[in-house]
Structures are given as structure tokens and as C-alpha cells.
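[1] below are the sequence and a predicted model; questions follow.
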Amino acid sequence: MFKPIFYLVILAIIGVSPSIHASGTMSPDEVKDVKRVDVVNDEDHERLSIAAGLLADYEIIAKKLVHYLEQDVINADEINAQADKLLNLSENVIDSARFRLPQCDEYLAKTLALKDQLKDISHDTLERDYHLDGALPKAPGECYHTKDLFVHPATVILLTRDDPTLSVKTKSSISAEITEVLAHTELVRQLVIY
């Protein structure tokens, strides 16, 4: 299985660049300059308060999953249950992101369409179409980080589907997926909640 960085290197070699910040970082000035819908009423504040709590829950579950992978005895069903919780939490956070970052609406809506494909999509197709945005419309860099809250746990589900015996390589890949998405959560918090 290839890592997303491999695809970025290949894209660079053939002269194609992804349309967004695939590095997982944005400078404080970039974050500050992102266009956001103003929070003007109690309903908006409540919506973002709920999203903040869901994002905190997401981080807790993701960290528990990484810790679980370090145990001597693990099983694919438990990993899938945790990844499914992350998918559900991310859907709700994405809903708030679509409100707060309207420039990301179509991009994030198309990301969520991946959920219906999880039983049949190949890992390579998921990487190309969702990690590297091949099936997604062009969007500003700020949209990428929220998308990954959904795509990384979806990838975990595919990894366990394709290797339910959880080889060392698969466990390592799952850990890398979840560790990487944890790096996005603070940016999502800054972009959507604050």
C-alpha cells in the first residue's frame, strides 16, 4: 500500500500539483485570512458549541484507537467500531464546516458520498479520489483538513476489510492514518469553531 506522500511525489514528478494544501499545515496568517460565515445568533453559537464537543470526542476516540493498536491482542471488529464512531462524529463536524466555510460546501458534500462506497471501493481508488482529491471539485486549502476527518477513518475501514487478520503492515498503516488525522483536528478547530 502506498502512502499519500508517495502519490504527491509522483504527481510532482509528472508535473501535476494537488489543488489544495496536502501538507496538513496552514500558517497562522493563512488561518486568519480564511473567509468564514459570521456567528450571529444563539443557534449558530449552539451549533458550533456542539461541533466543538464532537471534535473533542473525535480526538479522544482517535487517541484510544492508536493506543488500542499497541495492545498484544486486537481485532478488526473493534477497530472498525472505533473507525465508524470517527466517521459519524466527522459527519457532524463536516456539517458545521459546510455552514462556517461555504466555499467548502460542495467539496465536503462530495467527500461524504464516500460513505456509500466503503463496501466496494478499492484502497487505491480511495487514495486517488479522496486523499488526493481526484473525485472532488477544486477547493481552497482550508477545506482539506475537515475532509480528512472523514477520509482517514474511512481508509481504516478499508484496511481492515482488506486484511482482517491485521498484519503488522496493516496495523502500522492504521496507526499512521489515525495519527495523521489527529494532526488535522486543531486546524479544523481553528477554521470551524473559533
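    Everything's here; your move.
[2] mind giving me the packing neighbours of the longest helix along the chain?
    Counting by DSSP state H, the longest helix found in the chain is helix 42-69. Counting contacts by 3 or more CB pairs under 8 Å, 6 or more residues apart in numbering; DSSP states H and E, helix 42-69 is packed against helix 76-100, helix 168-188. No exception for glycine: its C-beta is placed from N, CA and C like everyone else's.
[3] which of those helices sits most buried?
    Highest mean neighbour count among these (mean count of other CB atoms under 10 Å): helix 76-100, with a mean of 20.
[4] give me the mean pLDDT for it.
    For helix 76-100, mean pLDDT rounds to 96.
[5] next, the angle helix 42-69 makes with it.
    Orientation check (axes from the mean of the first three to the mean of the last three CA atoms, to 10 degrees): helix 76-100 against helix 42-69 gives 150 degrees.
[6] what about helix 76-100, distance to the chain center?
    Here the centre of helix 76-100 is set off from its chain's centre by 9 Å, with CA atoms, centre = their mean, to the nearest Å.
[7] over to stretch 156-175?
    From the chain centre to the centre of stretch 156-175 is a distance of 17 Å (CA atoms, centre = their mean).
[8] could I get the average pLDDT for it?
    In this model, stretch 156-175 has a mean pLDDT of 96.
[9] next one: stretch 184-194
    Across stretch 184-194, the average pLDDT comes to 93.
[10] how long is it from one end to the other?
    Stretch 184-194 has its terminal residues 15 Å apart, counting by CA to CA, to the nearest Å.
[11] neighbouring contacts of that stretch?
    When contacts are defined by CB atoms under 8 Å, 6 or more residues apart in numbering, stretch 184-194 is touched by residues 24-26, 31, 34, 36, 48, 51-52, 55, 58-59, 62, 93, 96-97, 100-101, 142, 145-146, 148-149.
[12] how about 7 Å then?
    Residues from elsewhere that reach stretch 184-194 (CB atoms under 7 Å, 6 or more residues apart in numbering): 24, 26, 31, 34, 48, 51-52, 55, 58-59, 93, 96-97, 100-101, 142, 145-146, 148-149.
[13] let me see the contact set for the most centrally placed residue in the chain.
    Residue closest to the average C-alpha location in the chain (CA atoms, centre = their mean): D148, at 1.8 Å. Residues near D148 by CB under 7 Å, 6+ apart: V181, H184.
[14] where's it, which helix or strand?
    helix 142-162 (DSSP states H and E).
[15] kindly export that helix (C-alpha atoms) in PDB.
    Provided in PDB are the C-alpha atoms of helix 142-162 (Å, rounded to 0.1, in the frame of the first residue of the first chain):
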ATOM      1  CA  GLU A 142      -8.900  25.200   4.300                       C
ATOM      2  CA  CYS A 143     -11.300  22.500   3.100                       C
ATOM      3  CA  TYR A 144      -8.800  19.800   3.000                       C
ATOM      4  CA  HIS A 145      -8.400  19.500   6.800                       C
ATOM      5  CA  THR A 146     -12.000  18.900   7.500                       C
ATOM      6  CA  LYS A 147     -12.300  16.400   4.700                       C
ATOM      7  CA  ASP A 148      -9.500  14.300   6.200                       C
ATOM      8  CA  LEU A 149     -11.500  13.800   9.400                       C
ATOM      9  CA  PHE A 150     -13.800  11.600   7.300                       C
ATOM     10  CA  VAL A 151     -11.300  10.100   4.800                       C
ATOM     11  CA  HIS A 152      -8.800   8.700   7.300                       C
ATOM     12  CA  PRO A 153     -11.200   6.600   9.300                       C
ATOM     13  CA  ALA A 154     -12.800   5.500   6.000                       C
ATOM     14  CA  THR A 155      -9.300   4.300   5.000                       C
ATOM     15  CA  VAL A 156      -9.000   2.400   8.300                       C
ATOM     16  CA  ILE A 157     -12.300   0.600   7.400                       C
ATOM     17  CA  LEU A 158     -10.900  -0.400   4.000                       C
ATOM     18  CA  LEU A 159      -7.600  -1.600   5.500                       C
ATOM     19  CA  THR A 160      -9.400  -3.900   8.000                       C
ATOM     20  CA  ARG A 161     -11.700  -5.100   5.200                       C
ATOM     21  CA  ASP A 162      -8.800  -6.000   3.000                       C
END
